[in-house]
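Q: Give me the fold of what follows.
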Amino acid sequence: MNQSCHEHNRSRPLPAAPKTWGIRLSLPEDDPMHAVLGDDWQEYQWFASEAAREAKLGQLQRQFTYYRTGDRPSFVLERVNRLPEDVA
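A: The predicted model follows:
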């Protein structure tokens, strides 16, 4: 039997609330990373609360620690929501 299913074996607890607040990350139209990631690249990050989403948005919009001064990530950030019944 797989013992990883037991609570004491998890590194963090399973989320209690559905993650309905999200951020859609995509690339600007003129970004050179399209050649690597493809024209239709996008990623979603989901959060259990609006406050958690806003905190992550703030983090993504700040100067990244290991970037050169003045460099900014070129993601297009978009707030998205999904219905609780759509949460997997």
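
Q: Could you use CA atoms for every contact and neighbour count after this?
A: Will do.

Q: where exactly do the strands run in this protein?
A: 21-26, 42-47, 76-81 (DSSP state E).

Q: who's in contact with Trp21?
A: Trp46, Phe47, Ala48, Ser49, Glu50, Arg53, Arg79, Val80, Asn81, Arg82 (CA atoms under 8 Å, 6 or more residues apart in numbering).

Q: ok, and the most crowded of these?
A: The residue in these with the most neighbours, by other CA atoms under 10 Å, is Arg53 (21 neighbours).

Q: which residue sits closest to it in space, ignoring its chain neighbours?
A: Phe47 (5.8 Å; CA to CA, 6 or more residues apart in numbering).

Q: about what we covered before: tabulate the contacts of Trp21 (a markdown table), appending pLDDT and distance to Val36.
A: Converted to a markdown table, the contacts of Trp21 look like this (pLDDT from 0 to 100; distance: CA to CA, whole Å):
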| residue | pLDDT | distance to Val36 |
| --- | --- | --- |
| Trp46 | 93 | 24 |
| Phe47 | 92 | 28 |
| Ala48 | 88 | 31 |
| Ser49 | 90 | 33 |
| Glu50 | 93 | 32 |
| Arg53 | 95 | 27 |
| Arg79 | 96 | 25 |
| Val80 | 96 | 25 |
| Asn81 | 94 | 28 |
| Arg82 | 89 | 29 |
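
Q: Return the closest of the residues you listed with respect to Tyr66.
A: Taking CA to CA as the measure, Tyr66 lies nearest Arg53 of those, at 22.5 Å.

Q: what's the neighbour count on Glu29?
A: 10.

Q: Enumerate every residue touching Ser26.
A: Ser26 makes contact with Trp41, Gln42, Glu43, Phe75, Val76, Leu77, according to CA under 8 Å, 6+ apart.

Q: Local confidence estimate at the nearest residue to it once chain neighbours are set aside?
A: Leaving aside its chain neighbours, Ser26 sits nearest to Gln42 (4.5 Å; criterion: CA to CA, 6+ apart). In this model, Gln42 is scored at 95, pLDDT.

Q: number of nearby residues for Gln42?
A: 13.

Q: Skip the chain neighbours and tell me the closest residue to Thr20.
A: Per CA to CA, 6+ apart, closest to Thr20 is Arg82, 5.1 Å.

Q: Thanks a lot, see you next time.
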